[in-house]
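Trainee: Task: produce atomic coordinates for the following.
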Amino acid sequence: MTLVTKAPVPNIDHWPERVDMAAAFRWTARLGMAEAVANHFSLSVDATGRRFLINPDGRHFARMRASDLLLLDADDPATMDRPDAPDPTAWGLHGAIHRRVPHAVCVMHVHSIHATVLAILQDSRLPPVDQNAAMFFNRQVVDDAYGGMALGDEAERCAALLSDPGVHTMIMGCHGVLVIGRTVAEAFNRLYYFERAAETYVRALQTGRPLRLMPDEVAEKTAREWEDYGSFAQKHLSELKAILDDEGSRYAE
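Mentor: Below you'll find the predicted structure:
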């Protein structure tokens, strides 16, 4: 495991979770998957799933620190009246998900290039064209009813699409991608691999040549093997944190 050299900031709860989130934000920016000061990640920190950490409004992913994250209550109607109120679409979408989908512990939403290219195709499904894409076989849902920014009823509609515990990835038509996981490491690993798989698929389509698809039974077998692949996701995040630590990054402040 990576040893974070920075001491926890006094009087801030959920420090290890904050550090993991900050590392995920920074690495997402490094991969070019962040967009301006938009997009958002959240992590529930109580048994109900309704209290959650989320990035503050207007902060670039590349500058995120553990102490910057807001702690919100999905049931608090006064959230947007706070002096440090989150981005309205972040509150709308993530608040709705944490109210309605208790198994969505960590939620990550981006407009990364290749995932968004996939999201604007008439058929936005990611087929099992390779081992990475097979991770998402029968575990994705396509939102083909985009109705504007994730505010109010639109946010509630999106959240409802994640009600099936077997689904961990939502391809948001005309929008981007959203993944959920039981931990920061699991959600980030899925986000990373979805973008990789989407890029491979998009590049394959560009050749104009017929694609080789896995048979359904092989794709399902591979998806289950991914799910049983030990502590791979945690090892992935731990290595990214080690690199940030070696570089003297301020993410863990």
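
Trainee: Ramachandran angles for Cys106?
Mentor: Dihedral angles phi and psi of Cys106 (degrees, to the nearest 10) take the values phi -120, psi 130.

Trainee: Quote the end-to-end distance of stretch 53-65.
Mentor: 12 Å (Cα to Cα, to the nearest Å).

Trainee: just stretch 115-128 next, same as before
Mentor: Using Cα to Cα, one end of stretch 115-128 lies 15 Å from the other.

Trainee: buried ones in it?
Mentor: Buried residues in stretch 115-128, defined by neighbour count with 16 or more other Cβ atoms under 10 Å: 115-116, 118-119, 124, 126-128. For every residue, glycine as well, the C-beta is placed using N, CA and C.

Trainee: how about the residues you listed, which pair is most distant?
Mentor: Farthest pair in the buried residues of stretch 115-128 (Cβ to Cβ) is Thr116 and Pro128. Separation: 20.6 Å.

Trainee: wouldn't Ala34 be in contact with Met64 here?
Mentor: No. Using Cβ atoms under 8 Å, Ala34 is not in contact with Met64; the gap is 9.7 Å.

Trainee: so what sits against both of the two?
Mentor: Common contact partners of Ala34 and Met64 (Cβ atoms under 8 Å, 6 or more residues apart in numbering): Phe25.

Trainee: Compare neighbour counts for those two and give me the winner.
Mentor: Met64 (25 against 21; other Cβ atoms under 10 Å).

Trainee: Run through the residues that contact that one.
Mentor: Here Met64 is in contact with 21-22, 25-26, 55, 251 (criterion: Cβ under 8 Å, 6+ apart).

Trainee: Out of the residues you listed, list just those in helices.
Mentor: In helices, defined here by DSSP state H, the members of the contacts of Met64 are 21-22, 25-26.

Trainee: give me the low-pLDDT residue ranges for the stretch 1-150 of the chain?
Mentor: 1-11 (pLDDT under 70).

Trainee: now the helices for it?
Mentor: 15-30, 88-100, 113-119, 131-134 (DSSP state H, counting those that start in this stretch).

Trainee: Quick one: mean pLDDT for the helix or strand in which Leu191 is found?
Mentor: Per DSSP states H and E: Leu191 is located in helix 184-206. Helix 184-206 shows a mean pLDDT of 98.

Trainee: quick one, that helix and helix 15-30 angle?
Mentor: 20 degrees (axes from the mean of the first three to the mean of the last three Cα atoms, to 10 degrees).

Trainee: returning to what we had before: dump the helices of the stretch 1-150 of the chain to a markdown table, plus distance to Gln206.
Mentor: Listed next are the helices of the stretch 1-150 of the chain as a markdown table, based on distance: least, Cβ to Cβ, whole Å:
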| stretch | distance to Gln206 |
| --- | --- |
| helix 15-30 | 25 |
| helix 88-100 | 31 |
| helix 113-119 | 10 |
| helix 131-134 | 16 |
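
Trainee: and of the ones you listed, who's closest to Ala219?
Mentor: Per Cβ to Cβ, nearest to Ala219 of the helices of the stretch 1-150 of the chain: helix 131-134, 4.8 Å.

Trainee: which parts of the closest one are buried?
Mentor: For helix 131-134, the neighbour count (16+ other Cβ under 10 Å) marks 132-134 as buried.

Trainee: Let me know the closest of those residues to Asn189.
Mentor: Asn132 (11.0 Å).

Trainee: Surely the closest one is in contact with Ala198?
Mentor: No. Asn132 lies out of contact with Ala198 (Cβ under 8 Å); the separation is 9.3 Å.

Trainee: give the contact list for Leu195.
Mentor: Careful, residue 195 is Glu and not Leu. So Glu195 contacts 31, 33, 112, 114-115, 177 (Cβ under 8 Å, 6+ apart).

Trainee: CSV for the buried residues of helix 131-134, including distance to Arg209?
Mentor: Rendered in CSV, the data for the buried residues of helix 131-134 read as follows (distance: Cβ to Cβ, whole Å):
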residue, distance to Arg209
Asn132, 20
Ala133, 17
Ala134, 20
